[in-house]
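A.B. asks: Have a look; sequence and predicted model below, questions after that.
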Amino acid sequence: MPLSRAINAGLRASLAGSDRVLLMGEDIGKLGGVFRITEGLQAEFGERRVIDSPLAESGLVGTAIGLALAGFRPVVEIQFDGFVFPAFDQITSQLAKMTNRLEGAVQMPVVIRIPYGGHIGAIEHHQESPEAYFTHTPGLRVVSPSTPNDGYWMIQDAIASADPVIFLEPKSKYWQKGEVDTSARALPLHASRIVRRGTDVTLVGHGAMVTTMLQAAVLAEVEGISIEVVDLRSLSPVDYGPILESVRRTGRMVYAQEAPGFTSLGSEVAATVMERAFYALEAPVLRVSGFDAPFPPAKLEGVFLPDADRILEAVDRSLAY
Amino acid sequence: MPEDPALIRFLEADGTFAPTPAAERYRAAVDALSDADLETFYRDMAVIRAFDVQATNLQRQGQLALWPPSYGQEAAQVGSARAARPQDHIFPSYREHVVTKIRGVDPIDIIRVMRGLTHGGWDPTDPKNGNTHIYTLVLGSQTLHATGFGMGLVFDGRCGTGDPDRDEAVIVYYGDGASSQGDVHEAMVFAASYQTPEVFFLQNNQWAISVPVSTQSRSPLYKRGEGYGMPSALIDGNDVLASWAVTRAALDEARAGGGPQAIEAMTYRLGAHTTSDDPTKYRPSSEEEAWRRRDPLARMKAFLLTRGASESFFADVDAEADALADDIRTRTNALGGLEADDIFAHVYSEPHPLMDEQRQWLAGYEASFEGGAS
């Protein structure tokens, strides 16, 4: 099934599993969300469980905090990545710190779902990669599934988490199909995973970029270069185990992301890998990212966003050391 | 300036009992108050004022990082807090020292916040704290938390059942400065949408640090509530009777399923916004003097005297106030410190590798200074 249906199925399972789980968002009820991720859920669970909220992002997150204080587990949908900023204070100053301020007396099991990233040809504010703002904030957990199976399980794990989770959905992959094993969870929420084995260079990334990295690996194979691909899955905390294990074998690493590169997740992972696997590295860790410019008009997003060729250019640079 | 005909007041500045026309609606409830009730109101106000003055002094002596005085706003706070039932939920801003004390929070817990020992201070789930949530420093944020909590009460059927002993309500405090924040407006939209059992209690103390309320609003703030479809009242916030009677009615209405209510308490902070600012730089002393003549404590004392309150009662209150102030000074000086490890506590509820790594590193680093080579 496609990622969109997998997340829908995961939400349904969580709603069915506990009546303390609530979905809140703009247009998520009757319409089923602009991406139809919540389609059919209001009809199944009612208007008290799947709530069409007023159009106010700070209000959505702020009231979700109050609901969590009252013992609920709210799952908030932000309609598009660029619309999360009106809720930024409630997420970073309030939600992220509430348990800390309360000295553990109350947990904050709130999930903020955000469709993020480019490649759908949308207009401004509709395709951004805000993950670094949230990974920079202590108290938040940040995850991003890249496959339908992960979409199904990770949303359930995020809802079950006692901590607030920013759940980043790679919207360009909503329609990408894959197997979903509803009988068994593949990995814990905060584990990274080697998704393709290779021996020459390790590619690391998250979300939609995992597909692009796999494309690059196939293309590289034709040229006789063996590429290993690691899906980060959890952006905060980062599970360095599989990454370091891979880098120690290949000696080379390239991080690929859609977000601007300056002080980004790729910067953090690159620095940490250099600290922890310095003697295993044959070349500096390189980063491939969106440019440090506002996300451009859609007709230029193909230039802005890293594609397989941009990743391979970095692979070549790494191999040239 | 002529007085707003909507103003609800029972006690004039000199203590004369003279209800305004708008107050008549609440007259019966006030008439039914016993002498003991009235004395409790006065005692609350006087005792916490002594605490507030002591805390200001402690800040001046370097014992606290900051103090936001409640001086002058005691009537608005005592009346509204005494109007709440034990099962109600309180969402304060950061100046509701009187409210929190009435609900059972130990004032030393506020001191701990302002001394830099905690960002919270007390556990809202501990019954002794009377469902009082912690202070919020970002203006207006707590109005959304209160509204979300109220939504939870609605969803769980904990209001509007017709049982006043069981139905619950929420009261959220904010100020005239916060009323400019978007979150307050969004809170009112959500509250109206979901008909939360909630009272928006605005203490208009006339100044948002140095910015007068006239810069923030062209119309009386209580009228904004009406724009969201909420019954809205304007009270003399220096009259504890008006504060009590109107808040009690609003909370009763909210608890019974009548949806959110708004109250604007017209008051004045006689002190600084916090100990970091100097009101003489931004507001005329004549204004301060005019409001000092409307002091809520003096007003209530004069009223109690006309009702025959004894000198021994006032002496007793003064002694209790002095005792609290002394106690707070003693306990402040005795407050302990924090463990370095506390930095990592409660950042996450579930185990987190980054916290574990940094905790371990810090422990090792600190240990390197003990009995080391130097």
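C.D. replies: Here it is on my side, so go on. Since the structure is predicted, the reported quantities are computational estimates derived from the model, not experimental observations. Residues are numbered from 1 along each chain as shown, chains lettered A, B, ... in the order given.
A.B. asks: Chain A: helices as residue ranges?
C.D. replies: In chain order, chain A shows helices spanning A:3-17, A:41-45, A:57-69, A:88-89, A:98-101, A:131-135, A:148-160, A:209-222, A:240-250, A:265-276, A:301-304, A:308-320, with DSSP state H as the criterion.
A.B. asks: tell me the most buried of those helices?
C.D. replies: When neighbours are counted by mean count of other CB atoms under 10 Å in any protein chain shown, the highest per-stretch mean among the helices of chain A falls to helix A:57-69, a mean of 28. Using the backbone N, CA and C atoms, a C-beta is placed for each residue, glycine as well.
A.B. asks: mind checking how far whichever residue of the stretch 51-200 of chain A sits closest to chain B is from residue A:315?
C.D. replies: When distances are taken as CB to the nearest CB, the stretch 51-200 of chain A reaches nearest to chain B at residue A:66, 2.1 Å away. Residue A:66 sits 49 Å away from residue A:315 when distances are taken as CB to CB, to the nearest Å.
A.B. asks: Tell me which residues touch the residue of the stretch 51-200 of chain A closest to chain B, please.
C.D. replies: Taking CB atoms under 8 Å, 6 or more residues apart in numbering or on different chains, we find residue A:66 in contact with B:144, B:145, B:146, B:147, B:148, B:149, B:150, B:151, B:152.
A.B. asks: Kindly report the same for residue A:208.
C.D. replies: A:117, A:118, A:119, A:146, A:170, A:172, A:173, A:258.
A.B. asks: Equivalent analysis for residue B:94, please.
C.D. replies: Neighbouring residues of residue B:94 by CB under 8 Å, 6+ apart: B:68, B:135, B:136, B:137.
A.B. asks: out of those, what pair is the most spread apart?
C.D. replies: Put simply, by CB to CB the two of those set farthest apart are B:68 and B:136, 12.3 Å from each other.
A.B. asks: State the pLDDT value of residue 48.
C.D. replies: Just going to use chain A. What the model reports for residue A:48 is a pLDDT of 96.
A.B. asks: let's do chain B instead
C.D. replies: On the pLDDT scale, residue B:48 is placed at 94.
A.B. asks: And it, which helix or strand is it part of?
C.D. replies: Residue B:48 belongs to helix B:35-60 when elements are defined using DSSP states H and E.
A.B. asks: relative to helix B:35-60, how tilted is the helix or strand just after that helix?
C.D. replies: The C-terminal neighbour of helix B:35-60 among helices and strands, as given by DSSP H and E, is helix B:74-83. Following axes from the mean of the first three to the mean of the last three CA atoms, to 10 degrees, one obtains 120 degrees for the angle between helix B:74-83 and helix B:35-60.
A.B. asks: Just the residues contacting helix B:74-83, thanks.
C.D. replies: Surrounding helix B:74-83, the residues in contact under the criterion CB under 8 Å, 6+ apart are B:40-41, B:44-45, B:48-49, B:70, B:90, B:96-99, B:102-103, B:171, B:173, B:199, B:201, B:203, B:235, B:237-245, B:247-248, B:251, B:263, B:265, B:267, B:296-297, B:299-300.
A.B. asks: For residue 223, list the residues it contacts.
C.D. replies: Just going to use chain A. Applying CB under 8 Å, 6+ apart, one finds that residue A:223 lies in contact with no residue.
A.B. asks: Hmm, no, I was thinking of chain B.
C.D. replies: residue B:232.
A.B. asks: That one should be in a helix, yeah?
C.D. replies: Yes - counting by DSSP: H, G, I helix; E, B strand; the rest coil, residue B:223 is found in a helix.
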